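*Asks:* I'll drop the sequence and a predicted model, then ask my questions.
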Amino acid sequence: MDQKALAMFAHLSKSLHFGKTAQAHHISPSTLSRAIQRLEDEVGGELLHRDNRTVVLTDTGKKFKIYAEHQLEQWHSFKQSLEHKQTALTGKLHIYCSVTAAYSHLPPLLERFRVQHPLVEIMLITGDPADALEQVHNKSVDFAIAAAPEHLPRSVYFHHLDTIALAIIAPTMICKVQQQLSQKILSWSDIPIILPEHGAARKRFELWYRKKQQGKPNIYATVSGHEALVSMVALGCGVGIVPQVVVDNSPVKDKVTNLENIGDIEPFDLGVCCLNQSRAQPLIKAFFSSIA
């Protein structure tokens, strides 16, 4: 049935006044009367008893009122569902982070976003966290979880998430490294050291080691990715510097130990970064709104 006619009848069944209903729908009383008559023809019975003064619903009219209200409610819900579907965000959101961040920091960030925007596909790329800003600069991804650089480029927006402590770790297994670390006075220039290729942890190690004033460090290897560094330390290859969160989530965390009383190492800020020019894009804007 015609939705407009149903709406007019539903209003009339409550107002019981042709003039008021006609005015509410911006039509003349005679037009309203013809619409009601067409409904009665479709139903096959009178819906109203009416004279010059009163309007009263018939038994059929009372039943039809329930039907009309139900139909209008269903129609309204249907229209809303279409509008929601048309305005729902779709597309792909490309994210870059380390393997550790993928389960230590990313899930809480995406949980609310996924509930609000279930049609958006998440495209996750994992790799060395030191490469995160480059991935953003190259527009290979929409945003990345990264350590804040000493000098943040003006083109990059950084949203702080956490302050990450760094640790110097050593193997727990019996090996040459353990023997070197058992000495009363540590000769850091002789102890093999495993370092990240570049990035925040590497820079903080260099600053920490410079304060030792023990000559050049004995760099055993440089690796891409903190997770691999923990594994190499666990194998007895040397000591290394890594974010504490990587150690805590490593499958070999029981095979390494934190070195104590070796001097303070400055932590770094971890956050979500994207290009400033991209912040107005619907998907990125929706993401940052969900974590605000």
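*Replies:* The structure has been received and is ready for your questions. Numbers count the residues shown, from 1 in each chain.
*Asks:* so how far is Ala10 from the most centrally placed residue in the chain?
*Replies:* With distances taken as C-alpha atoms, centre = their mean, the residue of the chain nearest its centroid is Leu110 (2.8 Å). Distance of Leu110 to Ala10, computed by C-beta to C-beta, to the nearest Å: 44 Å. For the C-beta atoms, the positions are set from N, CA and C on the backbone; glycine is no exception.
*Asks:* Buried residues in stretch 206-225, which are they?
*Replies:* With burial defined by 16 or more other C-beta atoms under 10 Å, the residues of stretch 206-225 counted as buried are Trp208, Tyr209, Pro217, Tyr220, Val223, Ser224, Gly225.
*Asks:* now swap in stretch 103-111 and tell me
*Replies:* In stretch 103-111, counting by 16+ other C-beta under 10 Å, buried: Ser104, His105, Leu106, Leu109, Leu110.
*Asks:* So what touches that stretch?
*Replies:* Stretch 103-111 has contacts (C-beta atoms under 8 Å, 6 or more residues apart in numbering) with 95, 97, 122, 124, 145, 161-162, 245, 249, 270, 272, 290-291.
*Asks:* try it again with 7 Å
*Replies:* Cys97, Ile122, Ile145, Leu161, Asp162, Val245, Asn249, Leu270, Ile291 (C-beta atoms under 7 Å, 6 or more residues apart in numbering).
*Asks:* circling back to that earlier point, distance check, the residue nearest to the centre of the chain against Glu69.
*Replies:* Leu110 is 41 Å from Glu69, by C-beta to C-beta.
*Asks:* quick one: buried residues of stretch 124-135?
*Replies:* Thr126, Asp128, Pro129, Ala130, Asp131, Ala132, Leu133, Gln135.
*Asks:* can I get these in a markdown table with pLDDT and distance to Val156?
*Replies:* Formatted as a markdown table, those follow (pLDDT from 0 to 100; distance: C-beta to C-beta, whole Å):
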| residue | pLDDT | distance to Val156 |
| --- | --- | --- |
| Thr126 | 95 | 20 |
| Asp128 | 91 | 18 |
| Pro129 | 91 | 15 |
| Ala130 | 90 | 15 |
| Asp131 | 92 | 14 |
| Ala132 | 94 | 11 |
| Leu133 | 93 | 7 |
| Gln135 | 94 | 12 |
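*Asks:* from those residues, which is closest to Val43?
*Replies:* Thr126 (64.7 Å; C-beta to C-beta).
*Asks:* helices or strands up against the lowest-mean-pLDDT helix or strand in the chain?
*Replies:* Ranked by mean pLDDT, DSSP states H and E, the helix or strand of the chain with the weakest confidence is helix 59-87, at a mean of 81. For helix 59-87, the elements it packs on are helix 3-15, judged by 3 or more C-beta pairs under 7 Å, 6 or more residues apart in numbering; DSSP states H and E.
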